[in-house]
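> Pasting a predicted model and its sequence here:
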Amino acid sequence: MSSEPGRGRGVCALVVTYHPDAQLALRVAAVAAQVDAVILVDNGSDDEALAMLRRLALDPAIELIENGANLGVARALNRGVRRAAERGFDWVLTLDQDSRAAPDLIEVLFAVRAAHPEPERLAVLGAGYEDAAMPAAATVAEPWVEVESVITSGSLFALPMYRTIGPFRDEFFIDYVDTEFCFRARALGYRIARTRRALMSHEIGAPTGHRLLGTLKWTTNHSAERRYYIARNDTVMLREQGRFRHGGWALKSLGRRLRTCKRVLLYERHKAAKIAATLQGWWHGIRGRMGPRARARRPGQGPVL
């Protein structure tokens, strides 16, 4: 297929789903109008959500891959990318299930890519986004900015670069999957950029603002499960990517975890579970224990993901 943007020109959108809400169809339609195909990779949604996904897949432009269980975001992404490659696509756009693409997202991404001084070295171009729950950033004239990493949602990359960099890291399961991929790309001499303009709506967690001594503080209200993966995978990243002496990465990570615990204690619900998950994630990161988090189980039960 051609490597130029737009419908009929080799662009596949990839969305990982996990118990999506009823508005998913509208969000899929917003991106489907701009690409050649959409691949949905479902990570073990319930029957009602699967019925909706199967209805969407009746459209010839939409394909559904059912994993049957929660295999994690990284593994689902890799499975979707492999399927896009099998179908002959040149470009993949990854989107979270709750992200709503602007009508010209693909057009702008490729225009920015073409204007980049080294498009052949641009491993990932991320879409800027607006978060309805947080204040909008000031508008700037520059069309893009060089960054260390971008979030998975709204990221465009060419399949040949993905093959060179290597797949998303399955053992991370969720969180820092995008960061680790971008760091690996930069280590190989590639560049990462993000559009200045917001090209989609997207929320990081369920952010809420709180006043403390006249200062507005934000917290993401991530679940205990997400707090675990954030703590663990950030610790692993510090160990592998940071430049620390005498185990300094462990202390750096512990400091970050304690700040997270303070914010949870001050502003969030389910404090005990989240703090316990955060500290467990830090410890597992120290020990190198990867993969899905094993939950406590009753006798006779297998592990629950």
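Yes, it's here. Computed from a predicted structure; not experimentally measured. Numbering: from 1, shown residues only.
> contacts and neighbour counts: CA atoms only from here.
Will do.
> so His222 sits in a helix?
No: under DSSP: H, G, I helix; E, B strand; the rest coil, His222 falls outside any helix and is assigned coil.
> which ones are touching it?
Gly205, Ala206 (Cα atoms under 8 Å, 6 or more residues apart in numbering).
> Repeat that for Ile192.
Counting by Cα under 8 Å, 6+ apart, Ile192 has contacts Leu122, Ala123, Val124, Leu125, Gly126, Glu146, Val147, Glu148, Ser149, Val150, Cys182, Arg186.
> Which elements pack onto the helix or strand containing the second one?
In the assignment (DSSP states H and E), Ala123 maps to strand 122-130. Judged by 3 or more Cα pairs under 8 Å, 6 or more residues apart in numbering; DSSP states H and E, the packing partners of strand 122-130 are helix 105-115, strand 155-158, helix 177-187, strand 191-201.
> State the mean pLDDT of the last one.
Averaging pLDDT along strand 191-201 gives 96.
> neighbouring strands for it, and are they parallel or not?
Strand pairing for strand 191-201, using DSSP bridges, gives strand 100-101 (antiparallel), strand 122-130 (parallel), strand 144-146 (antiparallel).
> now the shortest one
For strand 155-158, the pairing partners within the sheet under DSSP bridges are strand 91-96 (antiparallel), strand 122-130 (antiparallel).
> Reformat the ones you listed as JSON lines; add mean neighbour count.
Shown next, in JSON lines, are those (neighbours: other Cα atoms under 10 Å):
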{"stretch": "strand 91-96", "mean neighbour count": "25"}
{"stretch": "strand 122-130", "mean neighbour count": "25"}
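> can you put those strands in JSON lines and add mean pLDDT?
Output for the strands paired with strand 155-158, formatted as JSON lines (pLDDT from 0 to 100):
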{"stretch": "strand 91-96", "mean pLDDT": "98"}
{"stretch": "strand 122-130", "mean pLDDT": "96"}
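> In JSON lines: those, plus distance to His222.
Shown next, in JSON lines, are the strands paired with strand 155-158 (distance: least, Cα to Cα, whole Å):
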{"stretch": "strand 91-96", "distance to His222": "16"}
{"stretch": "strand 122-130", "distance to His222": "19"}
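> among those strands, which is nearest Ala85?
Nearest of the strands paired with strand 155-158 to Ala85, taken as Cα to Cα: strand 91-96 at 8.9 Å.
> now the angle from the closest one to helix 105-115?
Orientation of strand 91-96 against helix 105-115 (axes from the mean of the first three to the mean of the last three Cα atoms, to 10 degrees) gives an angle of 130 degrees.
> wait, Leu125 sits on Leu156?
Yes: with contacts counted by Cα atoms under 8 Å, Leu125 reaches Leu156, the gap being 5.3 Å.
> Would you mind grabbing the residues shared as contacts by these two?
Residues touching both Leu125 and Leu156 by Cα under 8 Å, 6+ apart: Leu109.
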